[in-house]
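# only geometry, no sequence info:
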């Protein structure tokens, strides 16, 4: 399925370009920010699940829930980034709140997090900083259209 690239955040200046470059090297970047919302949920969507997550933002916002949507470019890079950061903090004894690639801010830590992947949900279960719901393809052998399979596994927009 082609993914609309027009939703990609266009950097405005050199500092934004650098921040986006660092996020890409960490395997994940912020795609939608609900910084002003009182109730927030973080959604980490991997690759082809990003459009489904984007489509879910508006209905959730109508319910009064702000969404910080993070597009996971590479679960592997993100895991390595988080491991390296954790090891650095442990070695240098720098206590910092657990966060993911600089994408969670102080008042968000401990809030609900949802990960969605078109594969085994445990692939990105490491992202959770507290309460996390990990959804994905948890068994194989089913057949159907992409929409039917997404609905079957609960990884569709609804």
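The structure has been received and is ready for your questions. Predicted model, so just to flag it, every value in this text is computed and none were measured.
# residue 79 and residue 126 touch, don't they?
Yes - taking contacts as CB atoms under 8 Å, residue 79 lies within contact range of residue 126: 5.8 Å. No exception for glycine: its C-beta is placed from N, CA and C like everyone else's.
# can you pull the residues that touch both of those two?
Common neighbours of residue 79 and residue 126 (criterion: CB atoms under 8 Å, 6 or more residues apart in numbering): none identified.
# who's the residue nearest to the spatial centre of the chain bridged to?
The C-alpha lying nearest the average C-alpha coordinate of the chain belongs to residue 44 (CA atoms, centre = their mean; 1.5 Å). In this entry, residue 44 is beta-bridged to residue 70, residue 115, by DSSP bridges.
# so what's it up against?
28, 70, 72, 100, 113, 114, 115, 116, 124, 127.
# make it 6 Å
Counting by CB atoms under 6 Å, 6 or more residues apart in numbering, residue 44 touches 70, 72, 115, 127.
# do the same with residue 120
residue 136.
# what are the phi and psi values for it?
The phi/psi pair for residue 120 (degrees, to the nearest 10) reads phi -60, psi 130.
# switch to numbering from 20
Sure, I'll start numbering at 20, so the last one becomes residue 139.
# would CSV of the contacts of residue 63 with pLDDT and neighbour count be doable?
CSV is the format used below for those (pLDDT from 0 to 100; neighbours: other CB atoms under 10 Å):
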residue, pLDDT, neighbour count
89, 89, 28
91, 92, 26
134, 89, 27
146, 78, 25
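# of all the residues you listed, which two lie farthest apart?
The distance between the two most remote of the contacts of residue 63 (CB to CB) is 9.4 Å, for 89 and 134.
# the bottom helix or strand of this protein by mean pLDDT?
Ranking every helix and strand in the chain by mean pLDDT, DSSP states H and E puts strand 151-154 at the bottom, with a mean of 65.
# and the next helix or strand past it?
helix 165-172 (DSSP states H and E).
# tell me where this protein has strands.
For the chain, applying DSSP state E gives strands covering 47-51, 59-65, 85-91, 132-135, 151-154.
# quick check: residue 67 touching residue 138?
No - between residue 67 and residue 138 there is no contact under CB atoms under 6 Å: 9.9 Å.
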